[in-house]
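In: Let's see this in three dimensions:
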Amino acid sequence: MDLFLAGTETTSTTLQWGLLLLIKYPDVQEKMQAEIDHVVGQSRQPSMADRANMPYTDAVIHEIQRVGNVIPLNGPRKAARNTILGGYFIPKGTALMTNLTSVLFDKSEWETPGEFNPGHFLDSEGKFRRRDAFMPFSAGKQVCLGEQLARMELFLFFVSLFQKFRFSMQEGVKLSLEGDVGITRSPFPFKILAHTR
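Out: Numbering: from 1, shown residues only. Model (predicted):
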């Protein structure tokens, strides 16, 4: 139950960030749709087997997760044993919060941390590359149990949506990339136009 409840909120919020970012950056949307058209086409539904042949789309989804920063403080954890971290003593049982924002926007890890840049996840040949500083699901023993499910859902949802629709904003509307922080960090409400392709 926890897996699906937590996964529903974070996945839907990531989809909102994706729509917002790809409307704000139509050149990225067009390039991703060109890859979708080339690999999947318009006559069949996407499958997870397609992901290996879609490095740009995979990079865009990862960058949406990085910039969207849906769970900036992760979930609370407890120290399992007495620990010294960075010279500080942390007693067993101490409640801890992880600041994922510090990693997802670290200037020493990302070439352009304050910008939406799918190139963060592409090598010089345009192939997808993993980044150690990419931790929207946390890391180590405390990594989100639903990470694999979320990765599959996000890929299939994004490819399905952008396979069939081109998204844009209403004339004269300015979109904000500021987030509203509650349980998750969500975009402020916005309206979009969906055009069939």
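
In: Thr98 versus the residue most central in space within the chain, what's the distance?
Out: Geometric centre of the chain, nearest residue: Gln65, 1.4 Å, by CA atoms, centre = their mean. In this view, Gln65 and Thr98 are 16 Å apart by CB to CB, to the nearest Å. Every residue, glycine included, has its C-beta placed from N, CA and C.

In: can you check Asp58 too?
Out: According to CB to CB, Asp58 and Thr98 sit 25 Å apart.

In: which one of these two has more residues nearby?
Out: Asp58 (25 against 18; other CB atoms under 10 Å).

In: and that one, what is it in contact with?
Out: Taking CB atoms under 8 Å, 6 or more residues apart in numbering, we find Asp58 in contact with 51, 121, 128, 155.

In: Next up, the contacts around the last one.
Out: In this structure, Phe155 makes contact with 46, 48, 51, 57-58, 61, judged by CB under 8 Å, 6+ apart.

In: coming back round to it: element containing the residue nearest to the centre of the chain, please.
Out: Per DSSP states H and E, Gln65 falls inside helix 55-68.

In: now that helix: how far from the chain's centre is it?
Out: 6 Å (CA atoms, centre = their mean, to the nearest Å).

In: ok, then the element right after that helix?
Out: Sequence-wise, the next helix or strand downstream of helix 55-68 (DSSP H and E) is strand 77-78.
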